[in-house]
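> Predicted model follows, preceded by the sequence.
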Amino acid sequence: MLSIKNLHVSVGDKPILKGINLEIKPGEIHAIMGPNGSGKSTLSHILSGKSGYTVTEGSATYQGKDLLEMPPEIRAREGVFLAFQYPVEIPGVSNVYLLKAALNSIRKHHGQSEVDAMDFLTLVKGKVRLLEMDEKFLYRAVNEGFSGGEKKRNEILQMAILEPKLCILDETDSGLDIDALKIVSEGVNSLRSSGRSFVMVTHYQRLLDYIKPDFVHVLAHGQIVKSGGAELALELEEKGYSWLEDAEASA
Amino acid sequence: MSASTQEINNLINQEYKQGFVTELETNTFLPGLDESVIHKLSKIKNEPEFMLEYRLKAFRHWQTMKSPEWAFVKFDPIDYQSISYYSAPKRKEDGPKSLDEIDPQVLEAYKKLGIPLDEQERLAGVAVDAVFDSVSVATTFKGKLKDAGVIFCPISEALRDHPELIKQYLGSVVPHTDNYFAALNAAVFTDGSFVYIPKGVRCPMELSTYFRINAANTGQFERTLIIADEGSHVSYLEGCTAPMRDENQLHAAVVELVAMKDAVIKYSTVQNWYPGDKNGLGGIYNFVTKRADCRGDNSKVSWTQVETGSAITWKYPSCVLTGDNSVGEFYSVALTNNYQQADTGTKMIHIGKNTRSTIVSKGISAGKAQNTYRGLVKVLKSAENARNYTQCDSLLVGDQCGAHTFPYIEVKQPSAQVEHEATTSKISEDQLFFCQQRGLSAEDAVSMIVNGFCKEVFKELPMEFAVEAQALLGLSLEGSVG
């Protein structure tokens, strides 16, 4: 699905990622953990195509194609989805309009016709129920006046409708209370399938209580300093990050 | 410049699609303006004597006036002697009786613009008056309107057939002394539309005028007069385009609306005059005076405008709320790109009791354009319990454009309530990236965001115009994403 090799990324002259290696196979869930400033968000941005970053070395191959060459909208249409840490507001544009425009641009890319209006509504309403959202959300402007939890749920709703292959969740748990966290996690779990992979960028272990990862990677100072199974997250919860950062410093 | 800023810029810069020129034989006056030109103009149009006197009075007054300089726009002084004040496609002396007699080239020009004048091809619900340079070339559905008692015809025809109405109402809302461009218009106006809706009649279809400037070095001075008698109802649409030329051309129109007791007038404009090229060469100077008098109690006038064209726009569609309980509304989207300049807004003059007004203005500025909202809310002593609500939002696309707001509020009546809200925002790179990450191209994203911004105004437009306006906004913004 995704193969990252020796990836170096800078912002201006400042190196942020310094040689990331990561292999993600279809159906796997990878958690990327690490202290503030370790480069977690940079990783999710560079994979989804946000501007302002420079790749100085290395590669990222997605389904056999050079991911870093693709403009962001092509990545999206090819199945890369970023659930934003801070979803933006778009006044005057209804949620349902954005969803339809997004779905149709993806369908067009794959040579499919535009979605039928009735089919679309049936699809959307089903997903809305799944995420325990109010249908009124569909007709409100994108994220405008939404609470933090509603915004995150809205991201998952978009994910559920667009059915991407590689889902990147950037600190999806931040700003969520425990009930919202449960609903969001259930939404993500319902999307798990053998053909869909997840990269979950998170600071805390608690999200991983609800979405069990296959692999956990610890990012520190722009490198993956330790990888392991789900149990690594528990160890981090107990010991914090400093023992790994120290280990890296003395290595 | 980051990748997405560059995309914004590419999006804004798109070609003007109505820029073609129609080759025609025309009757065109030599450039220049003096009293003999006005005599000639009045004669060629076969006008009654009072009209000539009115024109001369206006011309003499205009000569004492100075071009206004208070607007936030810059342009070189206009040489009024280099403009031709009359240009018309050649045709039979007393005008075409049917479409067959209109120059096929003119029909073709309108067809190209998506305005077929053949009634069979028209949307059933819209009657059109087509004004080509200085004259009206066709008015559709006249028969059907006549059955309802509605008069919809070129104003030059109304001068001959309904002189009493013209005499009574022309200049009663915008006097010839009102301002520099209105005075000039009163002196030299050539054609335009005239509408009279009799008492208690609900106009059976949308009325529409389509203005086209074709000839070079001419000015277009049209005059529109709409009278809605007691209890009547009319919706009127106006569209405008012009060929691409390197010289600036002047368009100085006057629109007067009169709403009697319980009457409702809805006036919608989609203005897409040639805006000039991307370096600011050429384009129309759109210096227009539009005003409505809500003369009767409980009358209502609603202005909706989508302004995307013209090198310079200077217009303030206004409402004088004379009658008690009368209502004035102004919904505006003004988009400026490249070197376009717009100084536009409205005036709401509250005179009657319980008068209400609403102003919603959306300014979008891209490229190196300057976009100004200028509005006056004036509540006179007599206007007990007057209410006004103003919302004035600006959206900036890119980092080289400007948005300005000059709201004037004068209240002489202590029971009045006046509210003003204003915001300025920018299409952020985060918004663009978010949309792109959902699969939308940068162009579609900007168009979607801008349309969202204008939603409150678009919902006021008649259906078919709303679709056109949305598409136009997308086109005018093309090349604005960089």
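Yep, it's here.
> okay, CA-based contacts and neighbour counts for the rest of this
Fine.
> three-state assignment of A:Val184?
What DSSP: H, G, I helix; E, B strand; the rest coil gives for A:Val184 is helix.
> Equivalent analysis for B:Phe50, please.
Quick answer, by three-state DSSP: B:Phe50 is helix.
> from what I can see A:Thr54 touches A:Asp13, true?
No. Using Cα atoms under 8 Å, A:Thr54 is not in contact with A:Asp13, being 9.1 Å away.
> Phi first, then psi, for the residue of the stretch 351-482 of chain B found nearest chain A.
At 3.9 Å from chain A, B:Gly452 is the closest residue in the stretch 351-482 of chain B, using Cα to the nearest Cα. Here is the backbone geometry of B:Gly452 (degrees, to the nearest 10): phi -60, psi -40.
> Can you get me a residue count around it?
For B:Gly452, the neighbour count with other Cα atoms under 10 Å in any protein chain shown is 17.
> where does it sit relative to B:Lys459, distance-wise?
11 Å (Cα to Cα, to the nearest Å).
> Test for you: state the pLDDT assigned to residue 129.
Looking at chain A here, since you left the chain open. A:Arg129 is assigned a predicted lDDT (pLDDT) of 88.
> right idea, wrong chain: chain B
71.
> Not counting sequence-adjacent ones, nearest residue to the closest residue to chain B within the stretch 51-200 of chain A?
Going by Cα to the nearest Cα, chain B is nearest to A:Gly92 of the stretch 51-200 of chain A, at 3.9 Å. Excluding its sequence neighbours, the residue lying closest to A:Gly92 (Cα to Cα, 6 or more residues apart in numbering or on different chains) is B:Gly452, at 3.9 Å.
> Can you verify my assumption that the one you found contacts A:Asn95?
No. Counting by Cα under 8 Å, B:Gly452 does not reach A:Asn95; the two are 11.2 Å apart.
> By mean pLDDT, which helix or strand of the chain comes out lowest?
Defaulting to chain A. helix A:242-250 (a mean of 63; mean pLDDT, DSSP states H and E).
> that's the wrong chain, I meant chain B
Per-SSE averages on chain B (mean pLDDT, DSSP H and E): minimum helix B:3-12, a mean of 48.
> where does chain B dip in pLDDT?
B:1-26, B:89-128, B:132-140, B:213-218, B:240-247, B:463-465, B:467-468, B:474-482 (pLDDT under 70).
> so how far is the longest strand seen in chain B off the chain centroid?
Looking across chain B with DSSP state E, the single longest strand is strand B:283-294. Strand B:283-294 sits 6 Å away from the centroid of its parent chain (Cα atoms, centre = their mean, to the nearest Å).
> need the next SSE after that strand, C-terminal direction.
strand B:300-307 (DSSP states H and E).
> After that next one, which helix or strand is next?
Next element after strand B:300-307 (DSSP H and E): strand B:312-315.
> So what touches that next one?
The contact list for strand B:312-315 (Cα atoms under 8 Å, 6 or more residues apart in numbering or on different chains) reads B:71, B:73, B:275, B:283-290, B:340-346.
> who does that strand pair up with?
Counting by DSSP bridges, the strands paired with strand B:312-315 are strand B:283-294 (parallel), strand B:341-350 (parallel).
> Same list (the ones you listed) but as CSV, adding mean neighbour count and distance to A:Ser38.
Shown next, in CSV, are the strands paired with strand B:312-315 (neighbours: other Cα atoms under 10 Å in any protein chain shown; distance: least, Cα to Cα, whole Å):
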stretch, mean neighbour count, distance to A:Ser38
strand B:283-294, 25, 54
strand B:341-350, 27, 48
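> Of all those strands, which one comes closest to A:Pro213?
Closest of the strands paired with strand B:312-315 to A:Pro213 is strand B:341-350, at 56.8 Å (criterion: Cα to Cα).
> ok, residues contacting the closest one?
B:71-73, B:311-322, B:328, B:330, B:332, B:334, B:336, B:356-357, B:359, B:361, B:369-380, B:383, B:386.
> Tell me which helix or strand comes right after it.
Counting by DSSP H and E, the next helix or strand C-terminal to strand B:341-350 is strand B:356-365.
> Select from the contacts of strand B:341-350 every entry located in helices.
Using DSSP state H, no member of these sits in helices.
> Mark which of those residues are buried, thanks.
Among these, those scoring as buried are B:72-73, B:311-322, B:328, B:330, B:332, B:334, B:336, B:356-357, B:359, B:361, B:369-380, B:383, B:386 (criterion: 16 or more other Cα atoms under 10 Å in any protein chain shown).
> For the stretch 351-482 of chain B, which residues are neighbours of chain A?
With Cα under 8 Å from any Cα of the partner chain as the criterion, the stretch 351-482 of chain B meets chain A at residues B:430-431, B:433-441, B:448-449, B:451-455.
> Mind checking which of those residues are in helices?
Per DSSP H, helices hold the following members of those: B:430-431, B:433-437, B:448-449, B:451-453, B:455.
> Mind picking the two most distant members of those?
Farthest-apart pair in those is B:Gln437 and B:Lys455; separation 23.5 Å (Cα to Cα).
> Would you mind confirming that B:Ala292 is in contact with B:Met260?
No. Using Cα under 8 Å, B:Ala292 is not in contact with B:Met260, being 10.8 Å away.
> hmm, back to that, B:Gln437 and B:Lys455 - which one has more neighbours?
B:Gln437 (26 against 18).
> My read is that that one contacts A:Phe81, right?
Yes. Using Cα under 8 Å, B:Gln437 is in contact with A:Phe81, at 6.8 Å.
> Now the common contact residues for the two.
Common neighbours of B:Gln437 and A:Phe81, counting by Cα under 8 Å, 6+ apart, are A:Ser48.
> which intervals of the stretch 151-251 of chain A have sub-threshold pLDDT?
Within the stretch 151-251 of chain A, the stretches with pLDDT under 70 are A:245-251.
> For it, which segments count as strands?
A:166-170, A:197-202, A:215-220, A:223-228 (DSSP state E, counting those that start in this stretch).
> got the residues of the stretch 51-200 of chain A near chain B?
For the stretch 51-200 of chain A, the residues found near chain B under the criterion Cα under 8 Å from any Cα are A:51-52, A:72-77, A:81-82, A:87-93, A:101-103, A:105-106.
> which ones among those are found in strands?
Using DSSP E, the subset of these located in strands is A:Phe81, A:Leu82, A:Ile90, A:Pro91, A:Gly92, A:Val93.
> Would you format these as a markdown table with distance to A:Leu234 and pLDDT included?
Formatted as a markdown table, those follow (distance: Cα to Cα, whole Å; pLDDT from 0 to 100):
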| residue | distance to A:Leu234 | pLDDT |
| --- | --- | --- |
| A:Phe81 | 27 | 97 |
| A:Leu82 | 26 | 96 |
| A:Ile90 | 38 | 92 |
| A:Pro91 | 41 | 89 |
| A:Gly92 | 44 | 88 |
| A:Val93 | 42 | 92 |
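> Put together a markdown table for these, with neighbour count on each row.
Listed next are those as a markdown table, based on neighbours: other Cα atoms under 10 Å in any protein chain shown:
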| residue | neighbour count |
| --- | --- |
| A:Phe81 | 28 |
| A:Leu82 | 25 |
| A:Ile90 | 23 |
| A:Pro91 | 19 |
| A:Gly92 | 19 |
| A:Val93 | 23 |
